[in-house]
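1. Make a model of this:
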Amino acid sequence: MSDKTKIADLPVFDMADYLDDEEKIAQYLTLIMQEDEPALLTAALGDVARARGMTQLARQCGLARESLYRSLAPGGNPSYATVSRVMRALGLQLTAQPAA
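-> Modelled structure (predicted):
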C-alpha cells in the first residue's frame with residue numbers, strides 16, 4: 001500500500017483567500033514590492049483584486065472589468081496609472097523610502 005499523496009488530491013492554493021483585511025493586503029504588497037519584480041507585483045495586484053472583487057475594484061478605479069483583468073493577468077503589463085488607480089481604490093498608497 002502506498003501512503004503517497006497525489007497532486008490531484010491537494011487543495012488548490014489561492015492567495016486571494018488569505019487577503020481578508022487591509023493590513024494583510026498592505027503587508028503582502030509591501031513584501032512583493034521589495035522583490036523588485038514587475039511581473040510579481042502585477043500578479044499580487046491580481047490576487048488582491050480577486051480578494052476584493054474584481055468588478056467592484058474596476059468600478060472604483062474607473063476601468064472596465066475586462067481591462068482590469070487583462071492588466072493584472074499573468075503576462076499583463078499595467079501602466080503606472082493603472083497600478084496607481086488600483087492602489088488608491090484599495091485605500092493604499094505607494095511610498096518611497098531609502099534602500100537598506
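2. Where does pLDDT dip in this protein?
-> Scanning the chain with the threshold set as pLDDT under 70 gives 1-2.
3. Just want the most central residue of it.
-> residue 45 (2.2 Å; C-alpha atoms, centre = their mean).
4. tell me what the helix or strand that contains that residue is packed against?
-> Element membership for residue 45, per DSSP states H and E: helix 38-52. Helices and strands touching helix 38-52, by 3 or more C-beta pairs under 8 Å, 6 or more residues apart in numbering; DSSP states H and E, are helix 22-34, helix 65-72, helix 80-89. Quick note: C-beta positions are derived from backbone N, CA and C, even for glycine.
5. ok, and for the first one, which residues are buried?
-> Buried residues in helix 22-34, counting neighbours by 16 or more other C-beta atoms under 10 Å, are found at 25-26, 28-29, 32.
6. Of those residues, which is the nearest to residue 9?
-> Of all those, residue 9 sits closest to residue 28, with 27.5 Å by C-beta to C-beta.
7. For that closest one, give me its contacts.
-> Listed by C-beta atoms under 8 Å, 6 or more residues apart in numbering, the contact set of residue 28 reads 15, 19, 44, 47-48.
8. State the number of residues packed around residue 89.
-> 19 (other C-beta atoms under 10 Å).
9. So what's the residue count around the residue nearest to it when sequence neighbours are not counted?
-> Among residues not flanking residue 89 along the chain, residue 60 sits closest, at 3.8 Å (C-beta to C-beta, 6 or more residues apart in numbering). Neighbour count for residue 60, taken as other C-beta under 10 Å: 16.
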